[in-house]
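Chemist: Provided below for reference: sequence and predicted model.
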There are 2 protein chains.
Amino acid sequence: MNREIPYKIYLEESEMPKQWYNVRADMKNKPAPILNPATLKPITVEELSPIFCTELAKQELDETTPYFDIPEEIREFYKMYRPAPLVRAYCLEKKLGTPAHIYYKFEGNNISGSHKLNSAIAQAYYAKKQGLKGVTTETGAGQWGTALSMACSYFDLDCQVYMVKVSYEQKPFRREVMRTYGAQVTPSPSMKTEVGRKINAEFPGTTGSLGCAISEAVEAATTQEGYRYVLGSVLSQVLIHQTVIGLETKAALDKYGIKADTIIGCAGGGSNLGGLISPFAGEILRGEADYEIIAVEPASCPSLTRGRYAYDYCDTGKICPLAKMYTLGSGFIPSANHAGGLRYHGMSSIVSQLYDDGIITARSVEQTEVFKAAEMFARVEGILPAPESSHAIKVAIDEALKCKETGEEKNIVFGLTGTGYFDMVAYQKYNDGEMTDYIPTDEELAKSFATLPKVD
Amino acid sequence: MNREIPYKIYLEESEMPKQWYNVRADMKNKPAPILNPATLKPITVEELSPIFCTELAKQELDETTPYFDIPEEIREFYKMYRPAPLVRAYCLEKKLGTPAHIYYKFEGNNISGSHKLNSAIAQAYYAKKQGLKGVTTETGAGQWGTALSMACSYFDLDCQVYMVKVSYEQKPFRREVMRTYGAQVTPSPSMKTEVGRKINAEFPGTTGSLGCAISEAVEAATTQEGYRYVLGSVLSQVLIHQTVIGLETKAALDKYGIKADTIIGCAGGGSNLGGLISPFAGEILRGEADYEIIAVEPASCPSLTRGRYAYDYCDTGKICPLAKMYTLGSGFIPSANHAGGLRYHGMSSIVSQLYDDGIITARSVEQTEVFKAAEMFARVEGILPAPESSHAIKVAIDEALKCKETGEEKNIVFGLTGTGYFDMVAYQKYNDGEMTDYIPTDEELAKSFATLPKVD
């Protein structure tokens, strides 16, 4: 076979992005400003600076600068594991018998096993540059904590990770990877912080949530000298760093003259999705092109498809700034049978605004269907996907099967954010036929919506 | 920084090898023939065929054909995860402060996590082509079993894996990956086979060995209709398939005009090492170039550095053909504290002969030193290496530090065969300071040498 498009498109180092893209600069309707929880007024860089590194606080609030230079140290680090390949899923296409052309941007080819490293290294870099001793963070599925541990080890920063208890227990080996990279890992809610003790008292036996781990990490950052808090998703700064995914994807497609029709990403906090789609959304916003963009979320944590677009706390402890976003309420905790990440109650304010403006669409899927898609993908494409990424696989397969019916040769591009090496407990459940689905009832959502703050 | 040599050298698909190389064709001293265990005479393709696929039996015994065409179906599969990058270890060089240039061929960028897939897909292909129902095999650290499961799933073959009991227990998640790819996994020694029952009776509570799992898998293959046995290392056929590593490495070095000085690989059964070094050894054998080649083995299983060059059984159950090789005796079982693979009692007959002829050298290293090197490598290069691969890292670091003393700008190339995602029990031991070393005493080796057969 002599194919024009190889299985894997790798950019040259010289073709790698030198700037991150800030899609807000092209948005007519900007995301609503994030609010200081004490004053409920738009927060300033000064007010954010006790929590975040100053440079990151600036990126967080900057709605007008379209591009940020990627510092050379970060570009050098990127070269260790990037460019990530854009893979043509020839074998999946054949298996499905679809005329569609399926591409996936594979971000799992680094040891943290996911795209999270793209922002971890940026945040560690700015922390180091500011002369900090260390950073604190939360991690859910463990991908972010692993990535941050790697990044901190590279820049010789202390790294304290609060890991959602259910993941800590389901993924003991994640902890050891983080420890190998020198991080301290604490199951959350812990007894180490005031907010952790309070949550443990209020909800005895809770398996934790991202929102709660965030509260603990923020408290730990603000009560230790020389520490700041870093976050793996949700924030605009993270989404900006993750645009390296979308920019590389676009460059690879352009290199081969491929025009994407449908772009699909899984959505938890929204940063990988936002990073993947930003350059494409920018073209839509500027009226240069049209794409169908689909955000895929778990039916068990459906912030876009069933949430409210409202101001909410980013964390359960309500000590973080408030953001206007699609949210289930900061009191929402996904049911314990939910495997893997994508368990955050809210959604990136940028993604939320793009969704509200109809630039992107959203779909929710149930986890047994997701694992079925994951297994099929693994068997033909040779990559064992993370449960999170498999949400995108599921919808990519659905879309490719629609093309089979209509005969359309659509170009479907999806983000394969990571590998499932540390998700074998969930795979085992699936293999044993013991995986279950859970869709929160309207009553349950009403209860968590009741935790929404009243903000005009 | 504007560097001539990128962090990662990727060949184009069109530059990938189209043939495997059979170094025996260039060896003046051929490896001694493998013997039929019943007659102790050189075995024939016909006699091997009840155990191996016929095409593989032919490759096994062919000492004169220098190149074998890689079938197109296998080349297509290779494109899913190959070419593997040749990485310039800029960060490790900087950390060590060495003038040496360090390169590693990274074979861990596929879901089986190692180079094993290179031969697994070839063996599955020939089995399918022969119209078989399935294959049986053994696995130690689990890399081979995972790779074979993937390959069998791709060609829709049944896959039965006997997994060394100690690894089965240390690596529960490995089993789930194999199951996800549809394989049956049995801890060895089991009660399913005659030889397994015999070994369990003779050595109650044994944690198993590769030699013993091989016996079980061979028995399972020969007692089921439509099954053959496949092996992940040791055999010449496997070494031939693994030359794709060395051929790509050589092509990548040539592309950038780099002449290797020192080539380092870890050695268990010898297939990854043999595959990496074959093209270089071929040049030495043909008098075209000179290289220092170093095989690195664990001090706890030192077949090259302390073994005897003699005919031995390839398996504990003594039902496989005999090979002349460096061996500790088929009764040798590494101490239980030994982590990961590289636990085979013998060594590829090709590697053994090259070693005996002085074409390659060998060195043994202790595991705490190996994990120390692994941790340093992980922290600067961002890849958490498999314990097996870390043996090569350890010696590459040693060699680079020698260059620091002498000021030599040597080009050091080593094989990074895989990732350590499933070795976190061992990493945890190291992180907790509980890892120990073990070097077998002369008395212990004398005891296992006593299991060597008497063959003239």
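Modeler: That came in fine, so what should we check first?
Chemist: what's the pLDDT at residue A:336?
Modeler: Predicted confidence (pLDDT) for residue A:336: 80.
Chemist: and it, what element?
Modeler: Here residue A:336, judged by DSSP states H and E, is contained in no helix and no strand.
Chemist: Surely it and residue A:209 touch.
Modeler: No - distance between residue A:336 and residue A:209: 10.9 Å, which falls outside the contact criterion (CB atoms under 8 Å). C-beta coordinates here come from the backbone N, C-alpha and C atoms, glycine included.
Chemist: which one of those two has more residues nearby?
Modeler: The residue with more neighbours, out of residue A:336 and residue A:209, is residue A:209; 29 against 10, by other CB atoms under 10 Å in any protein chain shown.
Chemist: Contacts only, for that one.
Modeler: Applying CB atoms under 8 Å, 6 or more residues apart in numbering or on different chains to residue A:209 gives the contacts A:164, A:316, A:332-334, A:343, A:345.
Chemist: Distance to residue B:297 for these - can I get that in TSV?
Modeler: Putting the contacts of residue A:209 into TSV (distance: CB to CB, whole Å) gives the following:
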residue	distance to residue B:297
A:164	42
A:316	52
A:332	54
A:333	51
A:334	48
A:343	45
A:345	52
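Chemist: Please dump these into JSON lines; it should also carry neighbour count for every row.
Modeler: Listed next are those as JSON lines, based on neighbours: other CB atoms under 10 Å in any protein chain shown:
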{"residue": "A:164", "neighbour count": "30"}
{"residue": "A:316", "neighbour count": "30"}
{"residue": "A:332", "neighbour count": "25"}
{"residue": "A:333", "neighbour count": "23"}
{"residue": "A:334", "neighbour count": "23"}
{"residue": "A:343", "neighbour count": "26"}
{"residue": "A:345", "neighbour count": "28"}
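Chemist: of these, the lowest pLDDT goes to which?
Modeler: When the contacts of residue A:209 are compared on pLDDT, residue A:316 comes out lowest, with 78.
Chemist: Could you say whether that one sits in a helix, a strand or coil?
Modeler: Secondary structure state of residue A:316, per DSSP: H, G, I helix; E, B strand; the rest coil, is coil.
Chemist: near chain B, anything from the worst-scoring helix or strand of chain A on mean pLDDT?
Modeler: Least confident element among the helices and strands of chain A, by mean pLDDT, DSSP states H and E: helix A:165-170 (a mean of 84). No - against chain B, helix A:165-170 shows no contacts by CB under 8 Å from any CB of the partner chain, the least distance being 11.2 Å.
Chemist: Moving C-terminal from that helix, which element do we reach first?
Modeler: Immediately after helix A:165-170, counting by DSSP H and E, sits helix A:172-180.
Chemist: ok so residue A:338 is a strand residue?
Modeler: No - per three-state DSSP, residue A:338 lies outside any strand segment and is coil.
Chemist: list the contacts for the nearest residue to it once chain neighbours are set aside?
Modeler: Counting by CB to CB, 6 or more residues apart in numbering or on different chains, residue A:338 lies nearest to residue A:300, which is 4.5 Å off, once chain neighbours are set aside. Listed by CB under 8 Å, 6+ apart, the contact set of residue A:300 reads A:334-335, A:337-338, A:366-367, A:437-440.
Chemist: Return the closest of those residues with respect to residue A:309.
Modeler: For the contacts of residue A:300, the minimum distance to residue A:309 (CB to CB) is 17.9 Å, reached by residue A:440.
Chemist: Can you report how many residues lie near residue A:267?
Modeler: By other CB under 10 Å, neighbour count at residue A:267 equals 33.
Chemist: ok, it - contacts?
Modeler: Contact analysis of residue A:267 by CB under 8 Å, 6+ apart lists A:273, A:295-297, A:303-304, A:342, A:347, A:351, A:362, A:391.
Chemist: okay if I get those as a markdown table plus distance to residue A:235?
Modeler: Listed next are the contacts of residue A:267 as a markdown table, based on distance: CB to CB, whole Å:
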| residue | distance to residue A:235 |
| --- | --- |
| A:273 | 14 |
| A:295 | 17 |
| A:296 | 21 |
| A:297 | 18 |
| A:303 | 15 |
| A:304 | 17 |
| A:342 | 17 |
| A:347 | 12 |
| A:351 | 11 |
| A:362 | 20 |
| A:391 | 21 |
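Chemist: So which of those is surrounded by the most neighbours?
Modeler: When neighbours are counted by other CB under 10 Å, residue A:273 leads the contacts of residue A:267 with 36 neighbours.
Chemist: pretty sure it contacts residue A:351?
Modeler: Yes - counting by CB under 8 Å, residue A:273 does reach residue A:351; the two are 6.1 Å apart.
Chemist: Need the residues touching each of the two.
Modeler: A:267, A:295.
Chemist: Up against chain B, what does the stretch 351-456 of chain A have?
Modeler: Proximity of the stretch 351-456 of chain A to chain B is confined to A:375, A:378-384, A:419, A:421-422, A:424-425, A:427-428, A:430-431 under the rule CB under 8 Å from any CB.
Chemist: would you put the C-alpha positions of the least confident helix or strand of chain A in PDB?
Modeler: In PDB, the C-alpha atoms belonging to helix A:165-170 read as follows (Å, rounded to 0.1, in the frame of the first residue of the first chain):
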ATOM      1  CA  LYS A 165      -9.600   9.400  48.000                       C
ATOM      2  CA  VAL A 166     -11.500   7.100  45.600                       C
ATOM      3  CA  SER A 167      -8.700   7.400  43.000                       C
ATOM      4  CA  TYR A 168      -6.000   7.100  45.700                       C
ATOM      5  CA  GLU A 169      -7.500   3.800  46.600                       C
ATOM      6  CA  GLN A 170      -8.300   2.600  43.100                       C
END
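Chemist: Test for you: state the pLDDT assigned to the spatially closest residue to residue A:181 that is not a sequence neighbour.
Modeler: Leaving aside its sequence neighbours, residue A:181 sits nearest to residue A:149 (CB to CB, 6+ apart; 3.7 Å). You'll see residue A:149 listed with a pLDDT of 97.
Chemist: name the element residue A:149 belongs to?
Modeler: Under the assignment here (DSSP H and E), residue A:149 is part of helix A:143-155.
Chemist: So what's the residue count around residue A:306?
Modeler: Around residue A:306 there are 18 residues (other CB under 10 Å).
Chemist: can you tell me the helix or strand for the closest residue to it other than its chain neighbours?
Modeler: Once flanking residues are discounted, residue A:306 sits nearest to residue A:445: 6.3 Å by CB to CB, 6+ apart. Assigned by DSSP H and E, residue A:445 belongs to helix A:442-449.
Chemist: Name the residues of that helix that come out as buried.
Modeler: Going by neighbour count (16 or more other CB atoms under 10 Å in any protein chain shown), the buried part of helix A:442-449 is A:445, A:448-449.
Chemist: what does stretch A:15-25 give?
Modeler: Neighbour count says stretch A:15-25 has A:16-17, A:20-24 buried, by 16+ other CB under 10 Å.
Chemist: So which of those is the closest to chain B?
Modeler: residue A:16 (10.2 Å; CB to the nearest CB).
Chemist: quick one, what contacts the closest one?
Modeler: Counting by CB under 8 Å, 6+ apart, residue A:16 has contacts A:75, A:78-79, A:82-83, A:244, A:248.
Chemist: now whatever helix or strand residue A:216 lives in, how far from the chain's geometric center?
Modeler: Using DSSP H and E, residue A:216 sits in helix A:210-222. How far helix A:210-222 lies from its chain's middle: 18 Å, per CA atoms, centre = their mean, to the nearest Å.
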